[in-house]
Each structure stands twice: as C-alpha cells, then as structure tokens.
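[1] give me coordinates for this.
(chains A and B)
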Amino acid sequence: MIIGNRMVQADNIIWRRIGDDVVIIKDDGLATHVLNKTAAYIWELCDGKRGIDDITASLCERYDVSPEEARADIMETIVNLTKAGVIKYI
Amino acid sequence: MTAPVGAPEDARQEVSTIKNEIRLRLDGVNCSLRCRDADDWKKLEKIERLYHCFITQESADITVELVGTNRLSPEALNAALAGNTFVHEKNIFRSTSQVVDGEYDLTRAYIKITGERNLINPDVECNHLNMLLSLAYYTACKIKYNDRPPAMIIHSCGIMRSGQALLFMGPSDAGKTTIARLCGKKDGEVINDEMLLVSRPGQDGKGFAVESGPFLGKFPSKRSLKAPLHSIFLLKKGRKTGIHRVDRSEAYLKFMRQIITPAYIGQKDKRAVLSLMSEFSDEITRSVPVYELEFNLDGRSLWRTLGELDK
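    Take a look at the predicted model:
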C-alpha cells in the first residue's frame, strides 16, 4: 500500500555492497536479493529522505539517461523491491 | 525444570580440580566440558580420546556442565529431534522436543545442559557434539572477544596441500567427504571433512587461516594444525571436472550459507548474527579466490585440475 512518496529500506534486512552489486538478506536468513549496478544505486537512495523525483534527478545525473528512461527504471525497481518486502513507502 | 544455576564464582579463573572435566581448545577459546555422573563421564572419556590433540590444561573461557538422561533410543532421539526448535526465557532454554533443556549465566561463563546422553555420544549418528562445541565457542567469544569471534566455524572440507589450505564447500552430498576420501598422501592432508575454523587476518599481516578443531566428521582432524587459506571451492557434481572463478556476489552468498551461525546462547538479535556472517563472508571473498568446482568424483582429474591452479 502506497502511503507517501518517499521510500525507506525495511528494518528486517541487512544489506551490503559487493562490488557493483548490492546483496540484501532478510533477517530470516533465507530470502536474498542481488541488485545490479543501477538497481543498487536506486536502492542506496531509498533513505527515507528522497522521493521519486529526487531519485530520478540523481539517476539522470549519474548515468546520462533521459528523465523518462530513468523514471521507468526507477518505478520498475521500486515495484520489485516493494513486492520483495525490502523497501516501503513512508 | 533444571536445578538452579550452580556455577563457581568465576569459572574462567578456577584451576581444574574436578576429575570429570575435559578442556578443549578451539582457536583462541578454551571450552571446559564437565559432568558429575559416571555414565556421562564415559561419554566424555570417549570425546577426550577422540579429540586428544585439542586437549588443553589452560584455564577455561567457558564451562559447560552436562547432565545426561537416558530415556530414548538413538532412533527415538533422532525422531524427536526432527523439527526441534529451542525456546528461551530469561536465562533458561528448552527444546520443543523435550530432549534437552538448560540454563546459563554469561556473567560467569557457565552453561548447564540437561539432555539425552546420546547427544554427546560420538558413536551415534544423531549426536550433537559439533553443535554443542559451536555454541560453546561462540558463547565464549561473546564474553572474551566482545561478540566478535576471531574465527568462524565453517561447514566445509579442508585439505592442506603444499603448506596451504584449500576449502571445499557445498550442501550435504556435494562431495566434501568424497574429496577427503580421494586425498592420498601425495595429494595433501585432510584437515577435517565436516567443520573447520577460519580465522581473520591477524596483526601479523598474514591473511585468512584455516585451523583444525575438535569437530566430528567421517575424517575428523587427527592433529592440531593451522595453514594459510589459499582458495575456496564451491562444489557442484558434474560429468567432468573443471573450475571457473565465480563472481563476488555469488561467492559472498554461498560462503555465507556455510558459516555455522555465530549465535551465542540466548542470542535473540538475528540481524546482529547475520551482520557478523555477512561481514566475514564479504572480507574473505574479497581477499581469497573462490571457484566453482564441477566434480565428477574422479580423484585423478580432481588433483590434476587443482594442480593446474598452482601453475
């Protein structure tokens, strides 16, 4: 359920940057998620302070992509991470 | 219910005067196993003979007092342990299968466990000796090293070859024991085919090291030894034998799954435990090469393939 516009990482996980990837592990130790370079960058911006627009602007600056492309990537990543239960809206 | 905790005032400082005690050394930790009953002592004597190369006379960092019961056959015990979990309340714990319970006092580095005697019988398949020693080790590390174990216990087969250690890991049935069995004298020396201690780089600037420990396996450690860690191999059964380097994320996750959970007794913070495992796995897979070893259970091609790595 979307309550707000900013995303924050869930409390019941640990995560670590491994090379270009981010590896997320739920605290049951069973569920793991490996994020590629772009998804890892988006993940690190889900800090509870930034909204979609802020993350879009950051991604455009970092990867030289159009705002439309960036937004599409971000929304796809956010949907997947939300479904996986590793981020939530606040 | 167990009797009230009856630990000595300071179990760590006490000089051994009790006959029914053995002290085992695991990396930088000394674990005392004690009992009062003669039948329990028979089991401890077996353990003493089995682990003679890890016996120490140094003062204990943790004391585990064992009180044996003898209600179930090994088969019934095995059945009771299936699906068993532990419930903790304050400093008391019990198993849902009701075959073991106990209490502990971390301020005195003391654990008392009342349980079926076969749980510490190295002759029966369903013994929990490895689990007991892991628990004692990590609990001692909580006290002695402020919850940061200098070494982790890793589910793996270790082979010492040319003075360096190779680790072979994978789920049960992946071929760890087969590799130990295929290791002839000219190929290397089996450190242990089940569990090992892997220590972090020390202040001496040397890297990760593999150390034998008092762990049961089909090929348990015959002597106390320590060797620098050369490479890690993730086992995969295949039609041929070959190796390739795995990427960091895969190596990190697969190594982490083979760490014996570094939880001390009464530990409730799962995130803290996972963080320890994650940090260790990250550190080791960053500095030690990790390969996938596809393995067709043939010894000659195995050692030839590993030999090519040295070239």
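
[2] how about the contacts made by residue A:45?
    Neighbouring residues of residue A:45 by C-beta atoms under 8 Å, 6 or more residues apart in numbering or on different chains: A:54, A:55, A:58. For glycine as for every other residue, the C-beta is placed from the backbone atoms N, C-alpha and C.

[3] so which of these are in strands?
    Applying DSSP state E to the contacts of residue A:45, no entry is found in strands.

[4] narrow those to those in helices?
    Mapping the contacts of residue A:45 onto helices (DSSP state H) picks out A:54, A:55, A:58.

[5] and the first one, how many residues sit next to it?
    Applying the criterion other C-beta atoms under 10 Å in any protein chain shown, we find 14 residues in the vicinity of residue A:54.

[6] do the last one as well
    Burial of residue A:58 is recorded as 17 neighbouring residues (other C-beta under 10 Å).

[7] leaving out the residues flanking it, which one is nearest to the residue of the stretch 51-200 of chain B found nearest chain A?
    Nearest residue of the stretch 51-200 of chain B to chain A: residue B:85, at 13.5 Å (C-beta to the nearest C-beta). Closest residue in space to residue B:85, ignoring its immediate chain neighbours: residue B:96 at 5.1 Å, by C-beta to C-beta, 6 or more residues apart in numbering or on different chains.

[8] what's the mean pLDDT across stretch B:181-199?
    Summarised as a single mean, pLDDT over stretch B:181-199 is 94.

[9] pull the distance from stretch B:285-304 to the chain's centre.
    22 Å (C-alpha atoms, centre = their mean, to the nearest Å).

[10] for stretch B:64-78, same thing?
    Worked out by C-alpha atoms, centre = their mean, stretch B:64-78 lies 21 Å from the chain centre.

[11] one more: stretch B:61-74?
    On C-alpha atoms, centre = their mean, the centre of stretch B:61-74 falls 18 Å from the chain's centre.

[12] check the separation of the first and last residues in that stretch.
    For stretch B:61-74, the first-to-last residue distance is 31 Å (C-alpha to C-alpha, to the nearest Å).

[13] likewise for stretch B:253-261?
    14 Å.

[14] on that earlier part again, would you turn the contacts of residue A:45 into JSON lines with distance to residue B:231 and pLDDT?
    Shown next, in JSON lines, are the contacts of residue A:45 (distance: C-beta to C-beta, whole Å; pLDDT from 0 to 100):
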{"residue": "A:54", "distance to residue B:231": "44", "pLDDT": "93"}
{"residue": "A:55", "distance to residue B:231": "40", "pLDDT": "94"}
{"residue": "A:58", "distance to residue B:231": "39", "pLDDT": "94"}
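
[15] list the residues that contact residue B:100.
    Residue B:100 touches B:94, B:113, B:114, B:115, B:116, B:119, counting by C-beta under 8 Å, 6+ apart.

[16] list the helices and strands the helix or strand harbouring residue B:231 packs on?
    Assigned by DSSP states H and E, residue B:231 belongs to strand B:226-237. Judged by 3 or more C-beta pairs under 8 Å, 6 or more residues apart in numbering or on different chains; DSSP states H and E, the packing partners of strand B:226-237 are strand B:164-169, strand B:209-211, helix B:248-257, helix B:270-287, strand B:290-295.

[17] mind putting these in TSV, mean neighbour count and distance to residue B:45 included?
    Shown next, in TSV, are the helices and strands packed on strand B:226-237 (neighbours: other C-beta atoms under 10 Å in any protein chain shown; distance: least, C-beta to C-beta, whole Å):
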stretch	mean neighbour count	distance to residue B:45
strand B:164-169	24	31
strand B:209-211	23	25
helix B:248-257	21	35
helix B:270-287	18	34
strand B:290-295	21	38
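
[18] any chance of those in a markdown table, plus mean pLDDT and distance to residue B:133?
    As requested, the helices and strands packed on strand B:226-237 are exported to a markdown table (pLDDT from 0 to 100; distance: least, C-beta to C-beta, whole Å):
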| stretch | mean pLDDT | distance to residue B:133 |
| --- | --- | --- |
| strand B:164-169 | 97 | 19 |
| strand B:209-211 | 96 | 14 |
| helix B:248-257 | 96 | 20 |
| helix B:270-287 | 95 | 18 |
| strand B:290-295 | 96 | 26 |
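
[19] now these in CSV, with distance to residue A:64?
    Below are the helices and strands packed on strand B:226-237 laid out as CSV (distance: least, C-beta to C-beta, whole Å):
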stretch, distance to residue A:64
strand B:164-169, 42
strand B:209-211, 46
helix B:248-257, 25
helix B:270-287, 30
strand B:290-295, 34
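
[20] buried ones in stretch B:111-124?
    By 16 or more other C-beta atoms under 10 Å in any protein chain shown, the buried positions in stretch B:111-124 come out as B:111, B:112, B:113, B:114, B:115, B:116, B:117, B:118, B:119, B:120, B:121, B:124.

[21] surely the first one is in contact with residue B:67?
    Translated: residue B:111. No: applying C-beta atoms under 8 Å, one finds residue B:111 not in contact with residue B:67, separated by 11.4 Å.

[22] surely residue B:119 is within a helix?
    Yes: when DSSP: H, G, I helix; E, B strand; the rest coil is applied, residue B:119 is found to be in a helix.

[23] per-residue pLDDT, it?
    93.

[24] tell me who's in contact with it.
    B:77, B:99, B:100, B:126, B:127, B:128, B:129, B:132.

[25] how about a cut-off of 7 Å?
    Taking C-beta atoms under 7 Å, 6 or more residues apart in numbering or on different chains, we find residue B:119 in contact with B:100, B:127, B:128.

[26] understood, closing this out.
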